[in-house]
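> Okay, predicted coordinates and the sequence, questions at the end:
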Amino acid sequence: MKTVAQKMGIKECSRSILINSPAEVMADINLPEINNQTTLHGEFDYIHLFVINKKTQEELFSKLKSHLKEAV
């Protein structure tokens, strides 16, 4: 059975940032070893934004997308 992290597509050693992630959710994701960042600087293999309303997602999406590496 796949873990939540596997279902989300988080790969080991990826440069990642998880924004606004609730502590209780993080405990359940079972992350692999990743290069988890706390600031939005440079390019990322994986970006996950946790939001509770569409307005927040709309405000941040384009800024976050510009930091996402292009798929190879």
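Thanks, I have it. Numbers count the residues shown, from 1 in each chain.
> before we move on, which element is the spatially most central residue of the chain in?
In the chain, the centroid-proximal residue (CA atoms, centre = their mean) is His48; its distance is 2.6 Å. Using DSSP states H and E, His48 sits within strand 46-49.
> Export that strand to PDB, keeping only CA atoms.
Coordinates of each C-alpha in strand 46-49 appear next as PDB, following Å, rounded to 0.1, in the frame of the first residue of the first chain:
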ATOM      1  CA  TYR A  46       8.000  19.600  -5.300                       C
ATOM      2  CA  ILE A  47       5.800  22.400  -3.900                       C
ATOM      3  CA  HIS A  48       2.700  21.800  -1.800                       C
ATOM      4  CA  LEU A  49       0.500  24.600  -0.700                       C
END
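> I'd like to know which elements the element among helices and strands of the chain having the smallest mean pLDDT is packed against.
Among the helical and strand segments of the chain, the one scoring lowest on mean pLDDT, DSSP states H and E is helix 23-29, with a mean of 85. When contacts are defined as 3 or more CB pairs under 8 Å, 6 or more residues apart in numbering; DSSP states H and E, helix 23-29 packs onto helix 4-8. The way it works is simple: take the backbone N, C-alpha and C, and place the C-beta from them, glycine included.
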